[in-house]
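Participant: requesting a structural model of the entry that follows:
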Amino acid sequence: MAAALAARPDIALLDIEMPGMDGLAVASALRKQLPACRALMLTTFARPGLVRRAMENGAQGYLLKDAPAADLVRAIRRCVDGMSVIEPGLAIEALAEGANPLSPRECEVLVESARGGTIADVATALSLSEGTVRNHLSAAIQKLDARNRADAARVAKEKGWL
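Facilitator: Residues are numbered from 1 along each chain as shown. Next up, the predicted model:
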């Protein structure tokens with residue numbers, strides 16, 4: 001963000017995983033702090049949920065790193081011109097997948113739970129009661145048709161919701 005604020009670029013190429021802030025957080029910060037700068041995600045993560053999250057966070061495009069160079073050039077030009085660009089197959093999958101059924105708190109509980117701690121550990125880390133943690137995990141497991149909390153976290157991560 002410091003480099004973007006100093007250089008004030010027309011477009012920023014971001015990856016989902018980057019040192020410091022992840023690309024989703026940078027896209028959101030750019031939208032707020034440099035609204036004229038377009039964010040284009042260029043990543044290896046072909047997950048429909050990540051496409052949706054990137055666009056919700058302010059990205060104008062989502063392209064895979066294995067796309068031909070000509071596609072990247074075309075995507076950059078389109079984004080600078082104010083258009084959105086999404087890898088066609090991923091756009092279809094993102095629409096078919098639908099929105100993330102998990103609440104923000106359920107996501108938070110799943111992320112913390114995936115670190116391997118007990119219910120008490122999760123409750124302490126999130127300043128919640130153990131009963132509240134159990135309720136959120138139960139809801140997430142049910143919504144994702146998962147076997148247990150580890151399976152729920154795996155499913156949500158694979159779909160790009162965490």
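Participant: buried stuff in the helix or strand hosting Gln142?
Facilitator: Element membership of Gln142, judged by DSSP states H and E, is helix 130-143. Residues of helix 130-143 classed as buried by neighbour count (16 or more other C-beta atoms under 10 Å): 133-134, 136-137, 139-141, 143. In this view, the C-beta of every residue, glycine as well, is placed from N, C-alpha and C.
Participant: for stretch 53-64, same thing?
Facilitator: Under 16+ other C-beta under 10 Å, the buried positions of stretch 53-64 are 53-55, 57-64.
Participant: where exactly do the strands run in this protein?
Facilitator: 11-14, 38-43, 59-64, 85-86 (DSSP state E).
Participant: for those strands, give me TSV that also has mean pLDDT and distance to Glu112.
Facilitator: Below are those laid out as TSV (pLDDT from 0 to 100; distance: least, C-beta to C-beta, whole Å):
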stretch	mean pLDDT	distance to Glu112
strand 11-14	95	25
strand 38-43	95	25
strand 59-64	94	26
strand 85-86	92	31
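Participant: from the contact counts, what lies against the helix-or-strand element of the chain with minimal mean pLDDT?
Facilitator: Lowest on mean pLDDT, DSSP states H and E among the helices and strands of the chain sits helix 88-97, with a mean of 80. Judged by 3 or more C-beta pairs under 8 Å, 6 or more residues apart in numbering; DSSP states H and E, the packing partners of helix 88-97 are helix 48-56.
Participant: which elements pack onto the helix it packs on?
Facilitator: Partner elements for helix 48-56 (3+ C-beta pairs under 8 Å, 6+ apart): helix 23-33, strand 59-64, helix 88-97.
Participant: now those in a markdown table, with distance to Met1?
Facilitator: Shown next, in a markdown table, are those (distance: least, C-beta to C-beta, whole Å):
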| stretch | distance to Met1 |
| --- | --- |
| helix 23-33 | 5 |
| strand 59-64 | 15 |
| helix 88-97 | 26 |
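Participant: thanks a lot, catch you later.
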